[in-house]
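1. Return atomic coordinates for the entry below.
(chains A and B)
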Amino acid sequence: MVIDAMAQLTASRGTPITRSRINVLLLLVAIMTVLLGQQLVKVQVYQQHKGRQLGTMAQDELTRHEVLQPRRGTIYDRNGVALAMNVNMPSLYVDSTQIKEPEKLALLLAPLINKDPAEVLAILSDKEREWTRLARWIAVDTAQQIEKLTADGDFGAGIWLIPEAQRAYPQGEFASRIVGVANHEGVGISGVEAYYDEEIKGISGKLQAERSGSADQQPIWIAPKEIVEPQDGIAVKLTIDSTVQKLVEDELRRVVDEQQAEGATILVMDPNNGEVLGMATWPVYDPNKYTDYPAEIVNRNNALTDVYEPGSTMKVIVTAIGLQTGAFTPDTVVHDGGVVHRYGWDIGNWNRAGNGPQTPGQMLYNSSNVAALQFGEMIGRDNFYKYLKLFGYGQQTGIDLGGEGEGIVKWPEDLGDEWTDLTLDQNSFGQGIAVTPMQHVAAISAIANGGLLMWPHVVREKCQGAQCEPVKPRVVRRVLDKPVTDAIRQMMTTNAEHYANLIWGPSTGNWADQPLVPGYHVSAKTGTSQIAVNGGYDNNAVIGSVIGFAPSDNPRISILVKIDRPKKAQWGIEAAIPVYQRVVTKLMSHFRIPPDPNYKTEGQVIGGPQ
Amino acid sequence: MFDTNRRPPDRTLLALVLGLSVFGLVMVYSSSFYIAVSEGNPQTYYLLRQLAWMLIGGVGLLVAQRIDYRVWRRVALPLLAFTVGLLILVVLLPDHISGSNGAKRWIRIGGFQFQPTELAKFALCVYLAAWLMTRGDKLKSMTAGLIPFGMVLGLFCGIMYLQSNVSSAFMLIIIATAIYFAAGANILHIIAGMIAAGTLGSLVIQTLGHAGTRLKVFNDPWAYPRDGGWQPVHSLYALASGNWFGRGLGQGRQKFLWLPYAHSDAIFSVIGEELGLIGTFVLVGAFLLLAYRGFRIAARSQDPFAALMAVGITSWVTFQAFLNMAVVSSLIPFTGQTLPFISYGGTSLAMCLFAMGVLLNISKHVDDQRPEPVVSPAVERPAARPPARRPISLVPNLAALVRRRNRGPRVSGAGSRFSFARADRRAEVAVSGRGWRKYSSTSKPAATRRTSGKRVSASQSGGTWRSR
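-> Numbering: from 1, shown residues only, chains lettered A, B, ... in the order given. Below you'll find the predicted structure:
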C-alpha cells in the first residue's frame, strides 16, 4: 500500500482539495475559541470553578499569617540578680515527607530525645506530616549529637534544629514561690509571672506575607508584606533582697528539718514602705521542672493563701485597738484569775493559772487569755470590728501576687443574730478568727511604722528597655496614732526580752529576761495556735508563730515566723523563737544597723549565738 | 531544492510567529527564574536554553521557508521511516537516556535533549499529505482509505503507548484526522474511526494508571490534592488571581513553586495571572489568527500536497495550543502538551518554528498558476510552454551553487536596496533561463515572467528593488 502510494507520488498531480472542508476546520477553531473564552471569563473574572471561589482560595493559600512572639521580660531581684530569664534552646523539628530511612533515623534519634523508638518511627514514617516538633529545648550537647548524626547519615533534608526561647530560672528553687512559673506556652501560671503576665509577656506582633510553595515556605520577595513588630515584655525588679531571701530560705529548711514540721512560712517586710524583702514557705519547688510537682505546690504561695488562727499574736492588735480607741490606757488593770466564766463556757489561760492584776503590757508579757478577753470586752463590739477592718483583716491586702486569701473574720454585721458576744471574747485572744501571714505582717508593720497600713508589694521597678518606672509605695490608711504605737513597741520590746532565756539560758546560765538580740532592741510576740479541724480543734498539733519587728525604735524590718505542726516543740514557740532570733540577728548586720554595745547581759555576744 | 520563488511569504504569519516566540521568551523568563534559582541554577538558566533553541528554530524557519516544499514530498517516506526508527529507539534506550517521570520520551546526549515525538508530528504531516493527495476518490473507500490510514496512525499510537505518552498520541490523532478530513475522507469513516479510537483509547487509558486518574481528578481536583489535583487547582488559582488586567508582568505568585511546570505545560496560567483576561484573550486571539492564516494558505494552495501540508501544520500548532489552553483552564482533563512558541521546551519550539518555515514556503506558492497582475508583452504566456519534465533534484549542480554565492541575501528584502547591480544580473539570469533557478520545475515559467516583469517596472521606476 505504501509502496503503491510512493509510486504515485511523482506520477499523480493529486486531486484538488475542497475549501469547504478547510473552512470546517477553521470553524472548529472558532468554536474552541468561544468555549475557551467563556471558560476564561468564568475562571478569571467570576473566579468560579465547580462552586469554589478561586481568587480567595488562592490568596488564602499564599498568605502566611505569623504571630511574632515578643520576648518575655526578665525578672530580677532588687539588686539585679536574674531570677527568671529567656534562653534560646534548640528544638528538633522534622518534615516527615522528606525523611529518608525513617527506621534507622528513629532508632538513632529516640535515645537522644528520650522517646520510644516506635513512637518516633510512627511520626517519621507518616508521609502526611510536614511539620512536627519531635523534641523541645534540647540540651546543647544533645543538639550537637543530632547535628552530627544527620551530617553523617543520609536522611534527607527534613531535619531542623530551630532555636526556641525557653523560660529559665537560673536560681532554681530560690524565691520560686514569689517569682512563680511561666508554663511551656509562655503563660505565667503563678507568682509574679502570673500576676504581671500581661506586662511581662509583651505584645505579640504579626507578620502577613506571601510564601512560596516549597517546603521551607520562603517568602515571596516581590510581594508586599505587612509587619507589626512585637513589643517585648517589661522587665521587673522585685523588692526581694536575695540576701534576705537566702537567709529566710535557709532558716526555713533548717527549722523544717529540725522540727519535722509539715510546713513553715517566714515573711520579712520593710514596714516603712510595704516592700516584701523575703518570703519563704515550705515546701519549695524548682520552677525549671515545675511539671514534676503537684499543682497545689506550684500554683499557690502559702504565705498568701493559707489562713490560720493567729492565737496570742492577736493580743498585740487588741492592745493597739484599745489604746487607739481609748477603751483603756497602758495603766488600766484587769484581774486575771486563770479562768473566767462567760456565756456558759469556762475560758482559761494556757495553764489555767491566774496572773493577778494585769495591765495591757503584762497581759502581753504573760500572754493572758483572761486579761485579753476583758480588754476586748472593754473595747466593745463596734470598735473592735471597726479596727479589725481598718487593720485589713478579713480582706485581701492587695499584694501584687495572685491567689491571695482573705482570712476569716466573723463580722457582726454579716452574721446578724448568729453572732454572739462569745465570738468577741474568743477573738480577743486570737481564736475564732483566721488570718493570712501576709495580712498579719502588714498589720504588725502598721504598729512598727507609727500607724500606717502600707500596701505590701513584691515589684519595685518595671523597666521597658532602659526606661524604668519605680513602683511607688502606697499608704492604705492610717490605723493608729504615733503615741499608741510607741507604747506598744515598748511593750513588745519587753516581751522579746522575756523570750530570750530560751536562746541564751543554756549558754549563759542566766534564765532571767535579757536582750533577745544583744545590741538591738527588738519587738516580738509569740503565739501558739490551735489548728481548726472539722469544727473543733486538732489536739495533737499546734502552729507556733512569732511576729515582731526590729529595731524597736526605728524599725527596718517586720517579721513573721510560722511553723506548722512542729513535731518536737510542744507549744511551737520554742521552735519559732530561735528562728526569729537568728533572722533578726543576721539582718541587723546585713542592714548595717549599728548595735548598742551596752544592750547586753553578761555572757551574751553581739551577733550570737552562732 | 532551494526555492527560486521570489514572492514574499505570508508576512502576517511570520510576524505572528516571531511575536509569539519573543513573547514566549519573556514569559519563560518570568515563570522560570524562581524555579531555576530553587534548583540551584542562575535565574536565566531556562531563559538562555530557550533562547538557544529559539535561535536554532529561527535558523530552521529561515532555511525551511527557502526550501521548496515539494522536496518534502520526495522525502516523505524516508522521513517517516527515520522518525519511526527514532521513536522505537527511545523505547529501547535505557531509562537514564530516555526516561523521566515514569515515561520514556527523550533522547539525551550530554546536555542535549531531544524529544522525537515532536519530529513525529512533522513527519506525519508530510507523509499523510504526500500519501492522501494521491488517493482521490479512492480515499472514500474503506480498504484504500480508512484502513491504511488507521494502520499508519495505529503504528504511531502503538509506539506512543510504549512510551506512556497518551497526550502525544492524542495530538497525532488530531493532526492526522485533520489532514484525513481535509483530503476528502468519508465523514462516516471518520466518525467510525473516532468511535473505534475512543473505545480503544479508554481501554488503553485504563491500563495506564496515571491517565485514568486524571479523569477522576478532573471531576474534582480538590479531592486529590496530592495525586494530580495539585496542578489543575493551582492552574486555576493562577488564572483567577489575574482577574481582568493581571498582577503585572513578573508579578505572578503561583510560579513560586506552587504551580508545577509553570514554565512549560502551565505557562498559560502564569500569563493569565500576570496579564489577566486581557493577556489570555490576546493570546487566544493570536492563535485564532494563526489558524486563520494557516488555513487560508491551505485553502488558497493549488497544489493538494501543499494544501494538506498546510492543513497538517496549522492543525498541529493550533490544536495543540487550544488543547493546552483548554487543559490549563480546566475545560478538558489534563494532558501534558506544551503551548507552541510560548512554553519552555526546546524540541517543541524548534520543530514548531521549522514547521512554520515550511508553511511560509507554501504561502509563497499560493498564487501559483494564477493570472499575474503585471504583464509584460515580451514574455510568452505560461500556457504556451510545455510543463517542465525535469524532476526535482536533491543536489543542485555545482555551477548553480557557485552562482548562488553571488546572489543577494537569503532573507527576502533585507539588504537588497544596496544591490541594484545584482538585482539586474539576477533578472538577466532569470530571463536567459540559466542558473540555479531553472531547477525549480513547476514554478519556473511564472517566476521567470514575474521577475522580468518586475525588472521592467523596476527600471521604469528608477531601479528600486524595494518597490516590489
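2. center of chain A, which residue is that?
-> Nearest to the mean C-alpha position of chain A, counting by C-alpha atoms, centre = their mean, stands A:G191 at 1.1 Å.
3. Tell me the predicted confidence for that residue.
-> Looking at A:G191, its pLDDT reads 88.
4. which ones are touching it?
-> Taking C-beta atoms under 8 Å, 6 or more residues apart in numbering or on different chains, we find A:G191 in contact with A:176-181, A:301, A:401-402. Placement of C-beta: from N, CA and C, glycine included.
5. Out of those, grab the one that's most surrounded.
-> Greatest neighbour count in the contacts of A:G191, by other C-beta atoms under 10 Å in any protein chain shown, goes to A:G180: 29 neighbours.
6. ok, now which ones touch that one?
-> Applying C-beta under 8 Å, 6+ apart, the residues near A:G180 are A:188-195, A:287, A:401.
7. Using the record's assignment, carve chain B into domains.
-> Per automatic domain parsing, the domain ranges recorded for chain B read B:11-363, B:437-467.
8. lowest-confidence stretch among these?
-> domain B:437-467 (a mean of 38).
9. The stretch 51-200 of chain B against chain A: which residues are in contact?
-> B:73-74, B:76-77, B:130-131, B:133-137, B:148, B:151, B:178, B:181-184 (C-beta under 8 Å from any C-beta of the partner chain).
10. ok, of those, which come out buried?
-> Neighbour counting by 16 or more other C-beta atoms under 10 Å in any protein chain shown classes B:73-74, B:76-77, B:130-131, B:133-136, B:148, B:178, B:181-184 among those as buried.
11. quick one: the closest residue to chain B within the stretch 351-500 of chain A from A:G233, how far?
-> Going by C-beta to the nearest C-beta, chain B is nearest to A:G465 of the stretch 351-500 of chain A, at 37.6 Å. Per C-beta to C-beta, to the nearest Å, A:G465 is found 11 Å from A:G233.
12. before we move on, what about A:A371?
-> According to C-beta to C-beta, A:A371 stands 54 Å off from A:G233.
13. more crowded one of the two?
-> A:A371 (31 against 22).
14. Okay, buried residues for the longest strand anywhere in chain A please.
-> Longest among the strand segments of chain A by residue count, using DSSP state E, is strand A:536-550. Across strand A:536-550, burial judged by 16+ other C-beta under 10 Å covers A:541-550.
15. what about the strands in the stretch 1-150 of chain A?
-> For the stretch 1-150 of chain A, the strands defined by DSSP state E, counting those that start in this stretch cover A:48-49, A:52-53, A:63-68, A:75-76, A:82-94, A:132-135.
16. Could you list every helix and strand that the helix or strand harbouring A:R167 packs against?
-> A:R167 belongs to strand A:159-168 when assigned by DSSP states H and E. Secondary-structure packing of strand A:159-168 (3 or more C-beta pairs under 8 Å, 6 or more residues apart in numbering or on different chains; DSSP states H and E): strand A:82-94, helix A:140-152.
17. what's the spacing between the last one and its chain's center?
-> Read that as helix A:140-152. Between the centre of helix A:140-152 and the centre of its chain there are 37 Å (C-alpha atoms, centre = their mean, to the nearest Å).
18. Only the buried residues of it, if you could.
-> Of the residues in helix A:140-152, those buried (16+ other C-beta under 10 Å) are A:142-143, A:145-146, A:150.
19. Of these, which is the nearest to chain B?
-> For the buried residues of helix A:140-152, the nearest to chain B is A:T150 (20.1 Å; C-beta to the nearest C-beta).
20. The closest one: what's it in contact with?
-> Neighbours of A:T150 in contact, by C-beta under 8 Å, 6+ apart: A:I159.
21. Provide the secondary structure category for A:D346.
-> For A:D346, the secondary structure call by DSSP: H, G, I helix; E, B strand; the rest coil comes out as strand.
22. List the beta-bridge partners for the residue nearest to it when sequence neighbours are not counted.
-> Excluding the flanking residues, the one nearest A:D346 by C-beta to C-beta, 6 or more residues apart in numbering or on different chains is A:V339, at 5.4 Å. Applying DSSP bridges to A:V339 gives these bridge partners: A:G348.
23. tally of neighbours for A:V339?
-> Per other C-beta under 10 Å, the neighbour tally for A:V339 reads 14.
24. List the contacts of it.
-> A:V339 makes contact with A:346-349, A:352, A:354, A:370, according to C-beta under 8 Å, 6+ apart.
25. What segments of chain B are strands?
-> Assigned by DSSP E, chain B shows strands spanning B:99-100, B:103-104, B:107-109, B:112-114.
26. Columns mean neighbour count on top of those strands, output as CSV?
-> Listed next are the strands of chain B as CSV, based on neighbours: other C-beta atoms under 10 Å in any protein chain shown:
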stretch, mean neighbour count
strand B:99-100, 14
strand B:103-104, 18
strand B:107-109, 13
strand B:112-114, 14
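27. Would you mind giving those strands as a markdown table with distance to B:S31 added?
-> Below are those laid out as a markdown table (distance: least, C-beta to C-beta, whole Å):
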| stretch | distance to B:S31 |
| --- | --- |
| strand B:99-100 | 20 |
| strand B:103-104 | 22 |
| strand B:107-109 | 23 |
| strand B:112-114 | 19 |
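28. out of those strands, nearest to A:G527?
-> Nearest of these to A:G527, taken as C-beta to C-beta: strand B:99-100 at 89.4 Å.
29. Return the per-residue confidence for A:A303.
-> Per the predicted model, pLDDT is 86 at A:A303.
30. Adding distance to A:L40 and pLDDT, write the buried residues of helix A:140-152 out as a markdown table.
-> Below are the buried residues of helix A:140-152 laid out as a markdown table (distance: C-beta to C-beta, whole Å; pLDDT from 0 to 100):
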| residue | distance to A:L40 | pLDDT |
| --- | --- | --- |
| A:T142 | 56 | 85 |
| A:A143 | 53 | 85 |
| A:Q145 | 57 | 85 |
| A:I146 | 51 | 84 |
| A:T150 | 48 | 79 |
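31. Could you work out the most separated pair of those residues?
-> For the buried residues of helix A:140-152, the farthest-apart pair by C-beta to C-beta is A:T142 and A:T150; their separation is 12.9 Å.
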